[in-house]
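Peer 1: Quick one: sequence plus predicted model below, questions after.
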Amino acid sequence: LNFQSSLPGRQIIKIEQVQNDSAWRRYCLFRHEIEENHGEDSEFARETFLYHGSYDTSPEIIWSGGFDFRFSNQGLWGQGTYFSTRADYSHRYSYKDSSDGSRKIFLSRVLIGNSKRMEPDQTLRMPPKGYDSVEGITKETLVHVVYRNEQSYPDFVITYQ
């Protein structure tokens, strides 16, 4: 997850770590649930860092309350929270600060768990039975979609020009 290699020419202004005890506790409880379901050492108890652009939703809303898929638009894999392995993909959905023109995206912890690779299906509201998330390729980028708010944590906000 190299920000500079996927967004060359962009300058990072600051990186802020999110401190939200309530959202963090919910995330940790869900991580424990995934570990119990799949076994702590299972390849399906996967946690990873991924990028997320909040588009029109102010990062402060996510910062203060955690991710909430109810703010999400209908996407290729239904209504969920979308994360990318590449900063340039999330840049397309970045929040633009009208005061100075800077942009913001999140670097987030995401509990992928047992993920199902799928073709787009806009009717999804949850992953298929037996899976914790879905993933697919769009615009040559691997995208992960989760359908539970506690399945991701907005760890860092990256502000850049």
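Peer 2: Cool, got the structure.
Peer 1: Poorly predicted segments of the chain, please.
Peer 2: For the chain, the stretches with pLDDT under 70 are 40-41.
Peer 1: rerun at 80
Peer 2: Within the chain, the stretches with pLDDT under 80 are 1, 39-45, 71, 73.
Peer 1: who does the top helix by length along the chain touch, helix- and strand-wise?
Peer 2: Among the segments of the chain that qualify as a helix by DSSP state H, the longest is helix 21-38. When contacts are defined as 3 or more CB pairs under 8 Å, 6 or more residues apart in numbering; DSSP states H and E, helix 21-38 packs onto strand 103-111, strand 152-160. In this view, the C-beta of every residue, glycine as well, is placed from N, C-alpha and C.
Peer 1: Return the angle between stretch directions for it and strand 103-111.
Peer 2: Calculated by axes from the mean of the first three to the mean of the last three CA atoms, to 10 degrees, helix 21-38 forms an angle of 40 degrees with strand 103-111.
Peer 1: quick revisit: closest one to Ile12 among the helices and strands packed on helix 21-38?
Peer 2: strand 152-160 (4.9 Å; CB to CB).
Peer 1: then the closest one to PDB, C-alphas only?
Peer 2: Extracted in PDB, the C-alpha atoms of strand 152-160 (Å, rounded to 0.1, in the frame of the first residue of the first chain):
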ATOM      1  CA  SER A 152     -13.700  -1.600   9.400                       C
ATOM      2  CA  TYR A 153     -11.900   1.100  11.300                       C
ATOM      3  CA  PRO A 154     -10.800   4.500   9.900                       C
ATOM      4  CA  ASP A 155      -7.300   4.400  11.300                       C
ATOM      5  CA  PHE A 156      -5.700   7.300   9.500                       C
ATOM      6  CA  VAL A 157      -6.900  10.400   7.400                       C
ATOM      7  CA  ILE A 158      -4.400  11.300   4.700                       C
ATOM      8  CA  THR A 159      -4.600  15.000   3.600                       C
ATOM      9  CA  TYR A 160      -2.900  15.700   0.300                       C
END
